[in-house]
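Q: test case, fold it:
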Amino acid sequence: MSEEMKINLNKMPKSIVELTIEINTENLTPFLNKAAKRLSQKNKISGFRPGKTPFNLIEKQLGTMAIYEEAMEEILNDSYFKALKKNQLLPVEKPKIDIIKFAPGNPFIYKAIFAVLPKVKLGDCKKINLKRKEIKITPDQMEKALKELQKMRAKETLVDREIQKGDKAIADLEMFIDKVPLEGGQSKNTQIIIGDSFFIPGFGENLIGLKKNETKEFSLKFPVDHYDKKLSGKTVDFKAKINEVYKIDYPEINDEFIKNLGKFENVEEFKKKLEENLKEEEKHKEEQRLELKILDELEEKSEFEEIPEILIELETDKMILELEANIKQQGIKFEDYLNHLQKTRENLKEELKSKAKKRIKTILLINEIIKQKEIKISDEDIEKAKEETLRAYSFNPELAKNIQTEEYKNYLINLLKNRKAIEFLKSEILK
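A: The predicted model follows:
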């Protein structure tokens, strides 16, 4: 049938394609015969068993057009997918079908209009000049890691005295701008470590000297670059009521303390292992930095067809769902999060469109590399990835069931192909 099918392809802006498809009368016959058989099964005709009524009797009883209408969906599906395959098109949405001619004794002509996955012409990745940074752990990094360890093992004691630097205060807070309560600026039993950077410089220092049940009012100016734009650069009035004061005792980093952490004999042995772990973390961060930088630079050197609006819309919706799930995991209602930002879902969606477009371009780049380099994933690769996942999540017995599904297998194949594409780029660029 495909040889007798005429296809006219018209490329439109924004990666929209218009296919005009014509199927001649001869190639419509098999579909009309099957349609007549289905109608004979649905409609009882005297003297014939269901599905056995001759074509001409069905035509006489129900009308020629009834047979054509019954056949239409199958003709459309068959011809449309053959046209996609012949022209190597990848739609990103269902087509809009416009019937031009569909009448007995005539060819079937229709138009299918839809957005396709944009094509990309890869830039020359060998022209990207990047190098891995040498990883060195500084004394400051070691000291910070040791302090974090001390904090994790710290002992807190409730005290009845004035707040001192290094204490933990539990306080009720209120915030005002021009004597008007700030939306979301009230909190109960907020934990504040005096001396640590709270959400604004100078806050903790203003609580030094206060005791339980005492209240203090003070003003602070928020930094111009503060993440919350409605507060940046503004002077905010605070009212803090102290509920409890805790003295914090940090353990001394000595051999005795270290032995309680695991299989370590002394501080030096622990510090050596700590430095190794910090190096691995920094190496991982460096690889992530390089991968993002490579994709950014390759995007600049590559040429993309226009990205259809439907694709940007779908990716933006996906990003909002990801953000919503992340916010909910933190125990915060998404509506409260939006209110805090003073934005609607539509405002947020509009802001995310440029990021969505960039994500789409990254996907297109990786897919093109996978296609050009014919990257394949073996059964051995899949089994190895499954085993690694099971080891990492041995505490989750439910995962063992999900990991055997076809859906998870397809997810792994896609993930591993992406990884291999990134590794290919790194091998070409980072000599």
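Q: use CA for all of it now, contacts and neighbours both
A: Noted.
Q: quick one: the longest helix anywhere in the chain to chain centroid distance?
A: Using DSSP state H, we find that the single longest helix of the chain is helix 267-301. Per C-alpha atoms, centre = their mean, to the nearest Å, the displacement of helix 267-301 from the mean C-alpha position of its chain is 22 Å.
Q: can you check stretch 102-117 too?
A: Averaged C-alpha coordinates place stretch 102-117 at 37 Å from its chain's average position (C-alpha atoms, centre = their mean).
Q: torsion angles phi and psi at the closest residue to Gly204 other than its chain neighbours?
A: Leaving out its chain neighbours, the residue that sits closest to Gly204 by C-alpha to C-alpha, 6 or more residues apart in numbering is Ile194, at 4.8 Å. Dihedral pair for Ile194: phi -70, psi 120, per degrees, to the nearest 10.
Q: going forward can the numbers begin at 61, since that is how I track them
A: Let's use 61 as the start, then, which means that last one is Ile254.
Q: in the sheet, who's paired with Ile254?
A: When bridges are called by DSSP bridges, Ile254 pairs up with Asp256.
Q: check which element follows the longest helix of the chain along the chain.
A: Sequence order places strand 363-364 as the next helix or strand after helix 327-361, per DSSP states H and E.
Q: how about residues contacting the helix or strand containing Arg479?
A: With secondary structure defined by DSSP H and E, Arg479 is part of helix 466-489. Under the criterion C-alpha atoms under 8 Å, 6 or more residues apart in numbering, residues 185-190, 351, 354, 426-427, 429-430, 435-437, 442, 445, 462-463 lie in contact with helix 466-489.
Q: and with 6 Å instead?
A: The contact list for helix 466-489, computed with C-alpha atoms under 6 Å, 6 or more residues apart in numbering, reads 186, 430.
Q: tell me how far that helix lies from the chain's centre.
A: Counting by C-alpha atoms, centre = their mean, helix 466-489 comes out at 16 Å from the chain centroid.
Q: just to revisit the earlier point, tell me the contacts of the residue nearest to Gly264?
A: 225-227, 264.
Q: same thing but at 10 Å, please
A: Residues in contact with Ile254 (C-alpha atoms under 10 Å, 6 or more residues apart in numbering) are 223-229, 262-268.
Q: what score does it have for pLDDT?
A: What the model reports as pLDDT for Ile254 is 92.
Q: most residues in a single strand of the chain, which one?
A: The single longest strand within the chain, with elements called by DSSP state E, is strand 295-309.
Q: now for Lys393: which residues touch it?
A: Residues near Lys393 by C-alpha under 10 Å, 6+ apart: 384-385, 387, 399.
Q: cool, and Leu401?
A: 288-290, 395, 408 are the contacts of Leu401 under C-alpha under 10 Å, 6+ apart.
Q: tabulate those residues (a markdown table), appending pLDDT.
A: Listed next are those as a markdown table, based on pLDDT from 0 to 100:
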| residue | pLDDT |
| --- | --- |
| Asp288 | 75 |
| Lys289 | 74 |
| Lys290 | 77 |
| Glu395 | 89 |
| Leu408 | 93 |
